[in-house]
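*Asks:* My questions are about this predicted structure, shown below with the sequence.
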Amino acid sequence: MRHLMTVLAVALFTTLSFSTAQALTLTAAKDSYIESGLPSTNFGTAPVDLIKRQDNTVWTRISYFGFDLSSLSHTAIADATFSLNFIDSARGITSDTINYSFELFGLTNESLDGWGENSITWDNSPSRVYTNADGLASLGTFSLTGKGLGAFDFTSQAFVDFLNSDTNDIATLVLARTTNQIGDNNYIHAVASRENTAVAGPRLAVTPIPEPSTLLLLGAGLVGIGLIGRRKRN
């Protein structure tokens, strides 16, 4: 019985160690935001990416994030987390009691993944939320209270499925606020961009599914441990 418990403990430790070792964190390869009031202006060098919805005005902002997935070598992904740091834009006001809803989209039209960080604008942006959402798939929603300051992690099965469906090693994520401006609460939400020198920019943490050959080796090792213990008992 003690030997069996030892085998199980080794198996658990090995599995956990393997999973941890395979975790990979990617930083955004490009990011920017677009603004309806400045339709031909690019904000690719800004230290923040802005998000706001204010229908029938010139104040709507949508943020775009691009990740290079080539280091995954098309390995299937078991889990994925998109991490952002919400910081104070110091633009507008809001109440700490107001809940704002956001929606994350994935760009499914891969022919549009070539947008440039220093060239994307409202006018040339791919599959724009609110006005032209063709080619975008919803990956899920989340809510924040007030300015929502601090680190935020997003994950969903739809997000994992979107990454697994990628065929060109580029993943474009689009973040929009679905809550319209509420009265005088005209706050603009902001996340640190990859150009921000004070706070970490957008990150993507992925855990690939182990290759079948790796699982076979792990299983063979556990069987070997069991056989050694059996010989000792005999």
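*Replies:* Looks like it arrived, so ask away.
*Asks:* List the residues that contact the nearest residue to Val129 once chain neighbours are set aside.
*Replies:* Among residues not flanking Val129 along the chain, Ala176 sits closest, at 4.3 Å (C-beta to C-beta, 6 or more residues apart in numbering). To be clear about C-beta, it is placed using only N, CA and C from the backbone, and glycine gets the same treatment. Counting by C-beta atoms under 8 Å, 6 or more residues apart in numbering, Ala176 makes contact with 51, 53, 62-63, 102-103, 105, 129-130.
*Asks:* can you do 10 Å?
*Replies:* 51-53, 60-63, 101-105, 128-130, 133, 136 (C-beta atoms under 10 Å, 6 or more residues apart in numbering).
*Asks:* which of those residues are buried?
*Replies:* Buried residues within the contacts of Ala176, counting neighbours by 16 or more other C-beta atoms under 10 Å: 51-53, 60-63, 102-105, 128-129, 136.
*Asks:* Out of those, which comes closest to Glu117?
*Replies:* Ser63 (11.8 Å; C-beta to C-beta).
*Asks:* beta partners of the closest one?
*Replies:* Tyr33, Leu175 (DSSP bridges).
*Asks:* The residue nearest to Val129 and Tyr100: what is the separation?
*Replies:* To Tyr100, Ala176 is 11 Å away according to C-beta to C-beta, to the nearest Å.
*Asks:* ok, back up a step: I'd like the distance between the residue nearest to Val129 and Asp96.
*Replies:* Distance from Ala176 to Asp96, by C-beta to C-beta: 22 Å.
*Asks:* Touching, Ser125 and Asn132? I think so.
*Replies:* Yes. Using C-beta atoms under 10 Å, Ser125 is in contact with Asn132, at 8.8 Å.
*Asks:* So the two - more neighbours on which side?
*Replies:* Neighbours per residue (other C-beta atoms under 10 Å) separate Ser125 from Asn132, with Ser125 holding more: 20 against 11.
*Asks:* any idea which helix or strand carries that one?
*Replies:* Of the helices and strands defined by DSSP states H and E, none includes Ser125.
*Asks:* Identify the contacts common to Ala176 and Tyr100.
*Replies:* Counting by C-beta under 10 Å, 6+ apart, the common neighbours of Ala176 and Tyr100 are 51-53.
*Asks:* ok, so of those, who is nearest Asn186?
*Replies:* Nearest to Asn186 among the shared contacts of Ala176 and Tyr100, counting by C-beta to C-beta, is Lys52 at 8.2 Å.
*Asks:* wait, what's in contact with that closest one?
*Replies:* 33, 35-36, 59-63, 89, 91-92, 100, 176-177, 179-181, 186-190.
*Asks:* Next one: it from Asp96, what distance?
*Replies:* Counting by C-beta to C-beta, the separation of Lys52 from Asp96 is 18 Å.
*Asks:* these two touch, right, Glu117 and Pro202?
*Replies:* No. Between Glu117 and Pro202 there is no contact under C-beta under 10 Å: 11.9 Å.
*Asks:* These two - which one has more neighbours?
*Replies:* For Glu117 versus Pro202, the count of surrounding residues by other C-beta under 10 Å is larger for Pro202: 26 against 20.
*Asks:* biggest separation within the buried ones among the contacts of Ala176, which pair?
*Replies:* So, the buried ones among the contacts of Ala176 by C-beta to C-beta: farthest apart are Lys52 and Leu136, at 18.2 Å.
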